[in-house]
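Trainee: pasting the structure only:
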């Protein structure tokens, strides 16, 4: 995986961060990983022009599990949606602190 970590796009590297798992209860519960504000700011800068409706397509690795999703903007930071399959594969629970590696998803990959 690779991601843009500098505004000039001259250097490609992934974003690595640690955050807490949150649960949002709606008609069905949703689980998210919080991206720290500083990392969210860096992602927003690197993803300029790639966002849609405030969301940013990303490739994520948590533990041994890779997946593609779109970051949700919330209260000045991004949240990583955690699919049921990812939570099961990695034994993820609400309140847990996780380390994730995140890359901006390339438009030329499917």
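Mentor: Happy to help now that I have it. Just so it is clear, the structure is predicted and the values come from calculations on it, not from any experiment.

Trainee: What segments of the protein are strands?
Mentor: 15-25, 29-34, 56-62, 65-74, 77-81, 97-104 (DSSP state E).

Trainee: possible to save those as TSV with distance to residue 44?
Mentor: Yep, even glycine has a C-beta here, placed from its N, CA and C like the rest. As requested, the strands of the chain are arranged in TSV below (distance: least, Cβ to Cβ, whole Å):
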stretch	distance to residue 44
strand 15-25	11
strand 29-34	15
strand 56-62	8
strand 65-74	8
strand 77-81	8
strand 97-104	11
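
Trainee: In a markdown table, list these along with distance to residue 43 and mean pLDDT.
Mentor: As requested, the strands of the chain are exported to a markdown table (distance: least, Cβ to Cβ, whole Å; pLDDT from 0 to 100):
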| stretch | distance to residue 43 | mean pLDDT |
| --- | --- | --- |
| strand 15-25 | 6 | 94 |
| strand 29-34 | 13 | 93 |
| strand 56-62 | 6 | 95 |
| strand 65-74 | 7 | 94 |
| strand 77-81 | 6 | 96 |
| strand 97-104 | 7 | 96 |
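
Trainee: Quick one, which of these gets closest to residue 42.
Mentor: Checking those against residue 42 by Cβ to Cβ gives strand 15-25 as the closest, at 6.6 Å.

Trainee: Each with direction, which strands does the closest one pair with?
Mentor: Strand pairing for strand 15-25, using DSSP bridges, gives strand 29-34 (antiparallel), strand 97-104 (antiparallel).
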